[in-house]
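Novice: I need the structure of the sequence given here:
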Amino acid sequence: MAFKLIWSPNAGLDLNDIVTFIAEDSPSAAERFVRSLFQSVERLADFPESGRIVPEFDDPVIREIIHKPFRVVYRIRNSQHSVEIVRVWHAARGVPEIR
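Specialist: The predicted model follows:
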């Protein structure tokens with residue numbers, strides 16, 4: 001059975017900021033980016049452990065997939081059978097802030 005995908009409020013804000021920034025130059029590029037990012041994230045419903053463990057946290061439930069130049073950081077919640085997208089973090093910003 002597939003895991004439920006949940007977007008945290010912070011991840012939603014991150015994504016909105018990114019898309020708004022890209023859309024300033026090219027609305028079509030922003031749309032392509034979102035579509036591509038969602039395709040990358042959707043596979044986590046079936047393969048929640050497919051991302052790597054975030055090296056800075058060294059916690060097997062906090063993982064990430066890379067969608068260049070962004071790190072999509074997520075938390076596996078086995079007890080709730082869900083994957084929570086925690087942040088969409090630009091790689092140049094350093095360590096993702098996770099609460």
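Novice: Give me the secondary structure label for residue 88.
Specialist: With DSSP: H, G, I helix; E, B strand; the rest coil as the basis, residue 88 sits in strand.
Novice: tell me the contacts of it?
Specialist: When contacts are counted by C-beta atoms under 8 Å, 6 or more residues apart in numbering, residue 88 is found next to 11, 14-15, 18, 37, 70-73. The C-beta positions use only the backbone N, C-alpha and C, and glycine is treated the same way.
Novice: Can you flag which of the residues you listed belong to strands?
Specialist: With DSSP state E as the criterion, strands contain 70-73 from among the contacts of residue 88.
Novice: Please tell me how far residue 84 sits from residue 37.
Specialist: Distance from residue 84 to residue 37, counting by C-beta to C-beta, to the nearest Å: 16 Å.
Novice: again but with residue 80, I slipped
Specialist: 23 Å.
Novice: For the most centrally placed residue in the chain, give the beta-bridge partners.
Specialist: Centroid check for the chain by C-alpha atoms, centre = their mean gives residue 72 as the closest residue, at 2.7 Å. On the basis of DSSP bridges, residue 72 is bridged to residue 65, residue 88.
Novice: related to what we said a few turns ago, ok, and the most crowded of the ones in strands among the contacts of residue 88?
Specialist: residue 73 (26 neighbours; other C-beta atoms under 10 Å).
Novice: All set, thanks.
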